[in-house]
Structures are given as C-alpha cells and as structure tokens.
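> I'll drop the sequence and a predicted model, then ask my questions.
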Amino acid sequence: MDRILDTLRNQWQGIIVGILVGTIVSIILKIPQWVYKFFKNIRNRCYRGKLQKEITIRINETNEEIGLPLLPKIELEIVDISKNILELEDKIIIPVRKEKKPRVMAEIFYLSIDRGFLYDAKRYIGEKLSDSIKYVVGKSLITRDTPVEELGDFEKETLRYFERKMEDILTNPEIAKLINKEEAMLSRRLFKTVLLQEIFALGERHLGILPEEECKEETLGFVDFLCDIAQKEKYEKEKGEEPHLDFIGRYFKVGIVLIKKPEKNSLYPHLNAVRNKIKKGVLSIYILGLGRNVKDVEGDFVKWMGEISKQDYPDWRVEKVIKYKLPKMTTQKDIPGICVIFRHKKWITS
C-alpha cells in the first residue's frame, strides 16, 4: 500500500512540476510579445498625442479666424485593424499606420468638417454648395492659406489625399465654379468671417423646418454678392459701378462696411453707413478694415458702436472683434486686418 501511495505521489509531483515548467516556459516565450506590445502602446500614444496636438491647433486657429466654434473638437483613437471608421459624438476612431500620417490628417479633416458647421445647414444650402464649402475649408485647414507651391512635403501629401477623397466633386464644373468664388472670398477674408457665419446661423434658424428650394437659390445669390465684393476691382471694371454692400433677402439680411483710409476721410461716413444699413433692415453688419485702419476701427469705431447700441439701438450689440492677417495668396506682406461684427439679437432667431 505504501508503495502504491509513493508511486501516486511521485506521479502527481511529476505532473505538478511539468505544469509549472510549462507555465514558466510559456511565460518566458510571451515576455517578448508583452514587451513589444508595451513599447508599441507607448509609441502609439506618443504618435497619437503629436497628431492630436497638430489637428487641435489647426482647428482652433480656424475657429478663432471664423469667430465661432464651427469645427468640432476631435479626440483621436488609433487602432491597427478596423474595417470601418467609427464616428462618435466627440471622437473619431480611424485605422492608421504611422507611415500614412498625411492620409490620416486628410481623413480627419474630411470627417470633422462634415460634422461641424455644415451639419445642420447643408440641407438648406444645397449639396453642391455644401461640397464646395467643405473643400475650401479643408484646403484652408491643410495649407493655412499658403500657396501650394510654398507648402512642405507633408502638407502637399495631406492635400493630395484630401483631394482624392473629394475627386467626384472636384470634377463637377458647377462645383468648381463655386470653389473659385469661395477662394476669391477667402483671399479677402469674406469666406470665413462672413459666409460661414451666416450659413451657420441659417442652420440654427431653420431647425425643425423643412428645406425649401427658394432658400438654396437665395444662398447662391448671397455667394455671388460676397464674391462681387471680394473681386471689387474686377466688378467695377465690368459693370462700371461699385458692388452692392447690402444683401436683404428672406433668409439673409447682411450689410458690409469697408473702412477706407479713416485717417484722411474720418470715420463719420462709415458710422452713417452703419445707421443706414440698420434702417434698411439688415440683421448683421460686418465692418472690415486693413493695415493702418485696424487701430482706428478697433478703438474709436468699436467704442462708438457700443455707445449707440445702448442709446439708439438697444437690440444691437458688438458681438465679435476678429483680428487676422491677409492670406499669403493675396499679398507677400503680412497685412493685418480686422472685422467687427455688429448684430441684432434676432440674428439667430429671425
């Protein structure tokens, strides 16, 4: 009996030792895999952090230029294998390889623009205009309004991937014409400062209202209105007169004031222009100045509008003062600019 018990004990000891040895060997063999995954996670976090920072900076810059948070904040999560891109409320999960960073940037900008200011407005402005705006905003994010020939390799590759994603719309002649008009506005800061803000407001005002064809047609007319101002010299040469600076329709009620050399002509003509536009029924007035005009507009002009809004126009207020520099595509020098936005309280609700 003792011999049998010894035999069983030895067998169990052998089994236990075998299991322990197997487990230890298995752990030893897996250590390289764990080490690899550990450093891979660290590397991916570093990469994700750099990418997150770069994207956040560009989106914040654009939102500051526009004066509204029209592009959403993006939180990235990088995964190795995924059949689909998953879009959540505040996160884009996207399959990525480190060597494809420009493609990832292009993909993120493509998705973020569509979920930003166009999210509620695009059904009211029409698909073609929505697509053209999406392209111009994306290109501006990538290039920072720098001429393509002056871009670095990374920006060029990002733009290349972005345009590949929008291949179908770029080959549409009607959309191409809209893009040309919007880029003309962009060069004069009318695209971000005026057009995008008004389209955002359009979407807010029409929440719960079915889109109408009349609204889409008027929006195209508003685009032409801003393009004429952006190409003022060309318009005057062709038409023999200055472009109109007021657009009063059913869906857009906008006035533009261009400050011209206030040090010579004084600010009074421009102050009277603001009063006249209010009488005409505009709900949003954009006062634009460049160069030496910036100081005068930011000082005396803004102060005056604050005073008259309290005394004569209590429903009006200076909503934003946006300072910027003209894009390099317009001039080789850094010319400062300013846009003062004077609005009626019904801008969003009317």
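Cool, the structure landed.

> Please count neighbours and contacts with C-alpha atoms only from this point.
Fine.

> Could you tell me how far residue 246 is located from residue 229?
Computed as CA to CA, to the nearest Å, the residue 246 to residue 229 distance reads 10 Å.

> same question but for residue 121, I mixed them up
According to CA to CA, residue 121 and residue 229 sit 24 Å apart.

> Equivalent analysis for residue 323, please.
From residue 323 over to residue 229 (counting by CA to CA), the distance is 19 Å.

> Low-confidence bits of the stretch 251-350 of the chain, can you list those?
Using pLDDT under 70 as the threshold, the predicted model of the stretch 251-350 of the chain has low-confidence ranges 260-267, 327-333, 349-350.

> 80 - rerun?
For the stretch 251-350 of the chain, applying pLDDT under 80 flags the ranges 260-269, 291-293, 295-297, 300-301, 308, 325-335, 348-350.

> same question, the stretch 101-250 of the chain
Low-confidence regions of the stretch 101-250 of the chain, defined by pLDDT under 80, span residues 101, 104, 111-112, 114-120, 207.

> Please enumerate the strands of it.
246-248 (DSSP state E, counting those that start in this stretch).

> What count of nearby residues applies to the nearest residue to residue 241 once chain neighbours are set aside?
Excluding its sequence neighbours, the residue lying closest to residue 241 (CA to CA, 6 or more residues apart in numbering) is residue 235, at 7.5 Å. In terms of burial, residue 235 registers 16 neighbours under the definition other CA atoms under 10 Å.

> Tell me the spacing between residue 235 and residue 209.
As for residue 235, its distance to residue 209 is 36 Å (criterion: CA to CA).

> try residue 307
Between residue 307 and residue 209 the computed distance is 37 Å (CA to CA).

> The two: who's more crowded?
Per other CA under 10 Å, whichever of residue 307 and residue 209 has more neighbours is residue 307, with 14 against 9.

> secondary structure element for the more buried one?
Counting by DSSP states H and E, the secondary-structure element that holds residue 307 is helix 302-311.

> so what does that helix touch, helix or strand wise?
Using 3 or more CA pairs under 8 Å, 6 or more residues apart in numbering; DSSP states H and E as the contact criterion, the secondary-structure elements in contact with helix 302-311 are strand 316-325.

> after the strand it packs on, next one along is what?
Of the helices and strands lying after strand 316-325 in sequence (DSSP H and E), the nearest is strand 336-344.

> strands paired with that next one, and their directions?
Counting by DSSP bridges, the strands paired with strand 336-344 are strand 284-290 (antiparallel), strand 316-325 (antiparallel).

> So for residue 106, which of these sits nearest?
Ranking these by distance to residue 106, with CA to CA as the measure, places strand 316-325 first at 24.8 Å.
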